[in-house]
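Colleague: after the sequence you'll find the predicted model.
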Amino acid sequence: MTTAARDTAGRSRFVPGQPDMWAFVLFESLVFTVYFTVYLVHRSQDLDLYRQSQTHLDLHIGVFNTLVLLVSSGSMARCVQAARECAYRTALTNAIWTLLFGFVFFVSKVFEWTTEIERGFTFSTNEFFQFYYFLTAIHFLHLLIGFVVLAVGVRELRSPARRSQETIETCATYWHTIDYLWVLIFALLYVVR
Amino acid sequence: MSAPSTGAMPERPSGSLVRKVAWHWRHDEKRELWIGWWTLVVFYNLYGLLFFVVTRTQPPPQPSLDPAGIVRWFDDRHHGLIYGYAIVFIVGGATAIMNATLAYSMRRMSVSRAFAYAYLVIYALATLPGMLLMGIACTVGAMRPDRDPELLSWLYDFAFLSFEGTMGVFLVGSLVWMAAVLLDRNRVFPKWFGYLNLCNALTEVVVAPAWIFKSGAFAWDGTIAWWTNMGVFVTYTAVFLTLLRRMILREDFGTGPLPDLPREGAPQASGSMEATR
């Protein structure tokens, strides 16, 4: 069996990309579970304040952000699929689309924060907005790191000398984590009433 | 980094622990590394005891205490603060040995030495807000109980804000270690530890709101700003102590990839101080 075939066989038994990145996903999921639990406990203690504050969030922007990230995850998945089929030009195009959708989310999130602050809802307005800014900001930090991760993926795809399938799948795993964490944050902050 | 060579190494003695330790002291080529590792283990435990039990400054008290409450807080812990921090001031220099052991792991990697130097400087700096400033402020408060309560309140805020609110140095230190682990080709640490450094760095960020809030989840005693951060830090510390121990066991003092540990049952090349535990 060749090294490449062994690698493929080895990977198919476990998970896509580096298993180490999945340890990161697991650990971050645990940490965010704690954040969400603390949010829900505080929310249950002052339900009226939270419900009333939630009405000041723009649900349309929340839905738009969610759709943008879901589409970005879709293009990342197409990038991985194309790379598996050695269609590296298509993979690169999809990776760049992912970056662009991520940038749209970035701009949209900054616009949303600016709008909320202009309307007088800041980090210290009340407990709901503490959690709103905290959860969206910590997610935003993950997004910024995601740009670095995607840049590594694009670098891999651009050079025939590199093109490590494992690295590309590892980058995709990180990007999907940003997406899945956002879906939970969106549900908790914007939807759950 | 190794003990002086004495030609053919005498066989490791069986029997009393003292004789084994004496043998390792004289012949174990990893002697200094084990001293560094044990310093880490002993002092993390000692600091835990001093901060949580003797001085009772951790978990942190309420940031919203009024001046009268703060005077009572210092009074309740008078002897604990004085004697506890006296020990911290005496043994605080051990952090140099601890940091050196951590930096050694980066020196053993295939990456630039700049990573180890940056880590050493950052953590030498972190000792100031992370330990000494808090200790000095609390000791002054405990030794001058007759001063104006407003001044004691200032010391109280200074102590806990310097400890809780200055996590940026730890954040950057974690990122330096993360970058070193992810770029390393000598397999000193598994890659997942690099990502765990990122998790630790991200939970250092959540402490920042402690500067703004005096109550709730983001205050310096809050469920997110303190409890979550501390939970992740304790896990992170336990993990890197375990991985450092494995690194020392695997160390061959070469410059290439670290060899794997021999499987259980396979003959070992030589004894090590590890065998005494």
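Modeller: Received it, and whenever you're ready, just let me know what you need.

Colleague: output stretch B:31-51 as PDB - backbone C-alpha positions only.
Modeller: Backbone C-alpha positions of stretch B:31-51 (Å, rounded to 0.1, in the frame of the first residue of the first chain) are rendered in PDB as follows:
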ATOM      1  CA  ARG B  31      18.300  15.600  36.100                       C
ATOM      2  CA  GLU B  32      17.800  19.300  35.500                       C
ATOM      3  CA  LEU B  33      14.700  18.800  33.400                       C
ATOM      4  CA  TRP B  34      13.100  16.700  36.100                       C
ATOM      5  CA  ILE B  35      14.000  19.400  38.700                       C
ATOM      6  CA  GLY B  36      12.300  21.900  36.500                       C
ATOM      7  CA  TRP B  37       9.200  19.700  36.100                       C
ATOM      8  CA  TRP B  38       8.900  18.900  39.800                       C
ATOM      9  CA  THR B  39       9.300  22.600  40.500                       C
ATOM     10  CA  LEU B  40       6.300  23.200  38.200                       C
ATOM     11  CA  VAL B  41       4.200  20.600  40.000                       C
ATOM     12  CA  VAL B  42       5.200  21.600  43.500                       C
ATOM     13  CA  PHE B  43       4.700  25.300  43.000                       C
ATOM     14  CA  TYR B  44       1.400  25.100  41.100                       C
ATOM     15  CA  ASN B  45       0.100  23.100  44.000                       C
ATOM     16  CA  LEU B  46       1.700  25.400  46.600                       C
ATOM     17  CA  TYR B  47       0.300  28.500  44.900                       C
ATOM     18  CA  GLY B  48      -3.100  26.900  44.800                       C
ATOM     19  CA  LEU B  49      -2.900  26.200  48.500                       C
ATOM     20  CA  LEU B  50      -1.600  29.800  49.300                       C
ATOM     21  CA  PHE B  51      -4.200  31.600  47.100                       C
END
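
Colleague: list the buried ones in it?
Modeller: For stretch B:31-51, the neighbour count (16 or more other CB atoms under 10 Å in any protein chain shown) marks B:31-34, B:36-37, B:39-40, B:43, B:47, B:50-51 as buried. For every residue, glycine as well, the C-beta is placed using N, CA and C.

Colleague: ok, so of these, who is nearest residue B:259?
Modeller: Minimum distance to residue B:259 across the buried residues of stretch B:31-51 is 15.4 Å, recorded for residue B:33 (CB to CB).

Colleague: next, count neighbours for the closest residue in space to the closest one that isn't next to it in sequence.
Modeller: Once flanking residues are discounted, residue B:33 sits nearest to residue B:248: 4.6 Å by CB to CB, 6 or more residues apart in numbering or on different chains. Applying other CB atoms under 10 Å in any protein chain shown, we find 21 residues neighbouring residue B:248.

Colleague: now do the contacts for residue B:248.
Modeller: B:30, B:33-34, B:37, B:274 (CB atoms under 8 Å, 6 or more residues apart in numbering or on different chains).

Colleague: that one and residue A:43: what is the separation?
Modeller: Relative to residue A:43, residue B:248 is positioned 47 Å away (CB to CB, to the nearest Å).

Colleague: and what of residue A:103?
Modeller: Distance, residue A:103 to residue A:43, by CB to CB: 32 Å.

Colleague: longest helix anywhere in chain B?
Modeller: Scanning chain B for the longest helix, with DSSP state H as the assignment, gives helix B:229-250.

Colleague: can you point out the buried residues in it?
Modeller: B:229, B:232-233, B:236, B:239-240, B:243-250.

Colleague: now the strands for the stretch 101-250 of chain B?
Modeller: With DSSP state E, counting those that start in this stretch as the criterion, the stretch 101-250 of chain B has no strands.

Colleague: who in it is up against chain A?
Modeller: The stretch 101-250 of chain B comes close to chain A at residues B:190-192, B:194-196, B:198-199, B:202-203, B:205-206, B:209, B:212-213, B:216-218, B:223-224, B:228, B:231-232, as judged by CB under 8 Å from any CB of the partner chain.

Colleague: just put the contacts of residue B:248 in a markdown table and tack on secondary structure.
Modeller: Output for those, formatted as a markdown table (DSSP: H, G, I helix; E, B strand; the rest coil):
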| residue | secondary structure |
| --- | --- |
| B:30 | coil |
| B:33 | helix |
| B:34 | helix |
| B:37 | helix |
| B:274 | helix |
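
Colleague: and those residues, which two are the farthest apart?
Modeller: Greatest spacing in those, by CB to CB: B:33 and B:274 (10.3 Å).

Colleague: which element is the residue nearest to residue A:119 when sequence neighbours are not counted on?
Modeller: Excluding its sequence neighbours, the residue lying closest to residue A:119 (CB to CB, 6+ apart) is residue A:56, at 7.0 Å. Counting by DSSP states H and E, there is no helix or strand that carries residue A:56.
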